[in-house]
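>>> The following block contains a protein sequence and its predicted model.
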Amino acid sequence: MNNENMNTENVNENNLPSNFIKEIIDDDLAKGRYAKVHTRFPPEPNGYLHIGHAKSICLNFGLAREYKGLCNLRFDDTNPATEDVEYVDSIMEDVRWLGFDWETRLFYASDYFDNLYNYAVQLIKKGMAYIDSQPSDEIKNTRGTPTEAGTLSPYRNRSAEENLDLFVRMKNGEFKDGELVLRAKIDMASPNMNMRDPIMYRIRHAHHHRTGEKWCIYPMYDYAHGQSDSLEGITHSICTLEFENHRPLYNWFVEQLGIHHPRQIEFARLNLSYTIMSKRKLLQLVNEKIVNGWDDPRMPTICGLRRRGYTPESLRNFSERIGVAKRDGMIDVALLEFSIKEDLNKRAQRVMAVLNPLKLVIDNYPENLVEELDAVNNPEDETMGSRKVPFSKELYIEHDDFRENPPKKYFRLSPGNEVRLRYAYIIKCVDVIKNDDGSIKEVHCTYDPETKSGSAQSGRKVKGTIHWVSAQHAIDTEVRLYDRLFTVEDPSGDKEKDFKSFINSESLTVLNNCKIEPFIKSAKCGNKFQFERLGYFCVDSKDSTENNLVFNRTVPLRDTWAKIERG
Ligand code: ATP
Ligand code: MG
C-alpha cells in the first residue's frame, strides 16, 4: 500500500492523526470562514453500501465527531429510474451499525426539488441559464474536445422571458422526454469541459419513490448536489477525486445564486485488492446469481462484511489506518483482515472445533469416564474466565493433525509419536485402522495419566499440541469457508476482459460435518468465536436455526493464501 496514506506522524490538537482534509478545516476555522464543521454523507439509493462507502461514512461522521460539529445523512435521489426503498432502508441500517448517528438530520435531495426549481428560475432571470431545444446527441456532439472549444447552441440567446416560459411549461409536462433541457450559460470555450454550458434539468416522465408524479423534470447531480449542500449549511463537502474537475461548477452555482458557500474537498476513493467497488458491478453479481445476494459474506458490501463476522470497530479502525490520500491507489485486503483479527483477538471467545474430523480412540482411557477439563476463554482477557470442556475415550481431531508417513519437522500426531491434547493429556499413537479403500478410519492412542494439563506433574514437554472435541459431546455444524472472490488484485483493471472472468471458482467451501465442543450450544446469531488454531468464525445470521448452527469463517488465523502460493 501507499506509505504516504499512513497516518503515523502528524498528530493534531485532538490527539488524532492529521491529514490534508483536517489541515484545510483547521485553516478554515482559524480564518473564521466557518464557525462549526458540518459534513454530510450523500449516498445514491441505487444499491447496497460497500467498504468504500464505509470509508466515506467514517470520514464524514468522524470529522464531525472530532470537531464537535454535525454530519447529515442525505439521500441523493435525483435519478428516479434506479432508486429503491429497499436500498434506503439498508443504507440507514448500515450507517447506524457502523456506529454513527445523523440524529434528526435525515434528508433527501428530493426534499429540495422546489428550492432547486426556484434557484433555476433565478438563474434564468439573471440570464445565466437557457432552454436548449437541440436533441441530446447534438448537445453532446457540439461540446468540443479538451483542446477545441465547443459550438454555441443556436438557442443560447433566447430571452429570459422565453426561457422562463419554456421552463415553466417543461415543468408542467407539456414536452416529451428529451425534447428540451435547461443549461447553465457559462463558457463553451472553457478548458474545463464541465463548464461548457452543463445541463441542469432534463425531462423524465417517471415515478419518483418520494415525490410520486409531482415532477417530470429532474435536476442533474452537478446542479442538485452543491445547492443541497448549501441549503443544509454544509461547510465541508467531501467527495472523491473524480469530482475535482467539477469543483469550478460547484462554486459557480453557489456564487451566481449568492447563497451559503460550502467548500468541496476531494480525496482518493478506496480501492481494495481482490474485489470490486462499483455498485453497478456488484448488482451484476447479485442479479446473475454469482453470489447469494448483496449480503453474501464474500461481497465487499457492509452487510456482507457484517454477515461474514466483521465488527464496526474493525471497519472504523481500518478506515482510520488507511487515512486519506490525494492520489488513487490500491489498499491490500490483508490490511482489512488484519483489522478484524486484531479486534477479535481481544474479544472473541475461544472454543475447540474440528472442521475435518478424524476419530481418535484412547485405548487405555476408562470406558465411561467423562472428565471436565478447564479451558481458558480468552488468553488476552483474564476477565473472560474459563469453561469446562468434556473429555472422554473417543475424540475427534483434525484430519490434518495426523500423518501416517509424516514429513520432516511434522510435530503433530503420527505412529509412535507423542503430542499433547490441548487442556488435556499427552497421547501416543499406537495403531491406525483403515477402511476397505485404504483411507484412514480411526487412530488409536494411549494416554499418560500423569500429564494432565495444569497438574503438578504436567511438566513433561512434547513438541506438538493439537485440539480435539469429545465425540459423544460434539455439536454437529456446517461451516462455510470463504476465499477471495476474485483471482487477481484488480479485477476491473483489465480493459480487454470482463471482470467476471476473474471470479475465483473456489471462493466458497462448505463443510457439513464439523464438530464443536458443547459450549457452542448457547451461541446466538452473529456471535463471534475463535476456533483454536483455525481462525475466527461467526454464527451465520440468516441460515442458522436453534438446532442447526451454521458458521462463517471471518478470517483464518494464518494466511492460507500465502500457504498456497508457497506450495
Ligand atoms: P459506486 O461507484 O459504487 O456506484 P458512487 O460514488 O456512485 O459509488 P454514491 O452513493 O454516490 O456511490 O456514494 C456516496 C458517497 O460515498 C459519495 O460521497 C462517494 O464519494 C463516496 N464513495 C463511493 N465510493 C467510494 C469509495 N470507493 N471510496 C471512498 N468513498 C466512496
Ligand atoms: Mg455517485
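Alright, I've got the coordinates. In this text, all values refer to a predicted model and were calculated from it rather than measured experimentally. Ligands and ions are numbered 1, 2, ... in the order given.

>>> Met384 touches Lys346, doesn't it?
No: with contact defined as CB atoms under 8 Å, Met384 does not reach Lys346; the gap is 10.1 Å. From N, CA and C alone the C-beta is placed, and that goes for glycine too.

>>> where do the contact lists of these two overlap?
With contacts taken as CB atoms under 8 Å, 6 or more residues apart in numbering, the residues that reach both Met384 and Lys346 are Asn378.

>>> Counting neighbours, go ahead and name the busier of the two.
In this comparison of Met384 against Lys346, neighbours counted by other CB atoms under 10 Å, the higher total goes to Met384 at 15 against 11.

>>> quick one, what contacts the more buried one?
Met384 makes contact with 349, 377-378 under the criterion CB under 8 Å, 6+ apart.

>>> give the contact list for Asp296.
Remark: with contacts taken as CB under 8 Å, 6+ apart, Asp296 is in contact with 304, 307.

>>> go with 7 Å
Gly304 (CB atoms under 7 Å, 6 or more residues apart in numbering).

>>> so how far is ligand 1 from Arg422?
Computed as CB to the nearest ligand atom, to the nearest Å, the Arg422 to ligand 1 distance reads 42 Å.

>>> now swap in Ser319 and tell me
In this structure, Ser319 and ligand 1 are separated by 9 Å, where distance is defined by CB to the nearest ligand atom.

>>> Once you drop chain neighbours, what's closest to that residue?
With sequence-adjacent residues excluded and distances taken as CB to CB, 6 or more residues apart in numbering, Ser319 is closest to Cys58, at 3.8 Å.

>>> Tell me which residue in this structure sits closest to ligand 1.
Among the residues of the chain, Gly52 lies closest to ligand 1, at 2.2 Å counting by CB to the nearest ligand atom.

>>> now what about the helix or strand that residue falls within, what contacts it?
Assigned by DSSP states H and E, Gly52 belongs to helix 51-66. Judged by CB under 7 Å, 6+ apart, the contacts made with helix 51-66 from elsewhere in the structure are 14, 16, 25, 37, 39-41, 43, 70-71, 95, 98, 100, 238, 269-270, 272, 277, 300, 302, 305, 315-316, 319, 324.

>>> The nearest residue to Ser153 once chain neighbours are set aside: what's it in contact with?
The shortest distance from Ser153 to any non-neighbouring residue, by CB to CB, 6+ apart, is to Asp132 (5.1 Å). The contact partners of Asp132, by CB under 7 Å, 6+ apart, come to 139, 153, 155, 180-181, 183.

>>> do that again at 8 Å, thanks
With contact taken as CB under 8 Å, 6+ apart, Asp132 is in contact with 139, 153, 155-156, 180-183, 197.

>>> Please pull up the helix or strand immediately following the helix holding Gly52.
Past helix 51-66, heading to the C-terminal end, the next element that is a helix or strand (DSSP H and E) is strand 70-75.

>>> Could I get the buried residue list for the helix or strand immediately after that next one in the chain?
Once strand 70-75 ends, the next helix or strand along the chain (criterion: DSSP H and E) is helix 85-97. For helix 85-97, burial by neighbour count (16 or more other CB atoms under 10 Å) applies to 87-88, 90-92, 94-95.

>>> got the residues you listed as TSV, with distance to ligand 1 and pLDDT columns?
TSV is the format used below for the buried residues of helix 85-97 (distance: CB to the nearest ligand atom, whole Å; pLDDT from 0 to 100):
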residue	distance to ligand 1	pLDDT
Tyr87	9	93
Val88	12	94
Ser90	12	96
Ile91	8	97
Met92	13	98
Asp94	12	98
Val95	11	98
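
>>> between these, which is nearest Cys429?
The closest of the buried residues of helix 85-97 to Cys429 turns out to be Asp94 (CB to CB; 50.5 Å).

>>> picking up where we left off before, now, the contacts of Asp132 that are in strands?
Judged by DSSP state E, strands contain the following of the contacts of Asp132: 181-183.

>>> Where neighbours are concerned, which of those residues has the most?
Counting neighbours by other CB under 10 Å, the top entry in those is Leu182, with 25 neighbours.

>>> My understanding was that that one contacts Tyr130; is that so?
Yes: Leu182 is within contact range of Tyr130, at 7.4 Å (criterion: CB under 8 Å).

>>> Identify the contacts common to the two.
Ile124.

>>> what about stretch 251-266, near ligand 1?
No: residues of stretch 251-266 contacting ligand 1 under CB under 6 Å from any ligand atom: none, with a closest distance of 8.8 Å.

>>> Pull the distance from that stretch to the chain's centre.
Relative to its parent chain, stretch 251-266 has a centroid offset of 31 Å by CA atoms, centre = their mean, to the nearest Å.

>>> residues in contact with Thr275?
Thr275 is in contact with 300, 333, 484-486, 491, counting by CB under 8 Å, 6+ apart.

>>> And the pLDDT for the nearest residue to Tyr48 once chain neighbours are set aside?
With CB to CB, 6+ apart as the criterion, Tyr48 has its nearest non-adjacent residue at 4.3 Å, and that residue is Trp294. Reading off the confidence values, Trp294 has pLDDT 97.

>>> One more: the one 4 residues further on?
Here the pLDDT value assigned to Arg298 is 98.

>>> Tell me, how many residues neighbour it?
Residues contacting Arg298 under the criterion other CB under 10 Å number 25.

>>> Quick one: residues contacting it.
291, 304, 308, 482, 485, 507-508.

>>> same deal with Val333?
Val333 is in contact with 272-275, 484, counting by CB under 8 Å, 6+ apart.

>>> any idea which helix or strand carries the residue nearest to Glu313 when sequence neighbours are not counted?
Beyond its immediate neighbours in the sequence, the residue positioned closest to Glu313 (CB to CB, 6+ apart) is Asp343, lying 5.2 Å away. When elements are assigned from DSSP H and E, Asp343 belongs to helix 333-347.

>>> what does the stretch 51-200 of the chain have sitting close to ligand 1?
Applying CB under 6 Å from any ligand atom, we find that the stretch 51-200 of the chain lies next to ligand 1 at 52-53, 55-56.

>>> for the stretch 451-567 of the chain, what spans make up the strands?
Read by DSSP state E, counting those that start in this stretch, the stretch 451-567 of the chain holds these strands, from start to end of the chain: 465-466, 469-470, 475-482, 508-516, 528-531, 535-539, 550-556.

>>> Out of the ones you listed, flag the one nearest Tyr425.
Between Tyr425 and these, the shortest gap by CB to CB is with strand 465-466, which sits at 11.2 Å.

>>> Check the offset of the closest one from the chain's centre.
Relative to the centre of its chain, strand 465-466 is centred 35 Å away, using CA atoms, centre = their mean.

>>> what mean pLDDT does that strand have?
Averaged over strand 465-466, pLDDT sits at 95.

>>> again with stretch 144-157
Mean pLDDT, taken over the full extent of stretch 144-157, equals 97.
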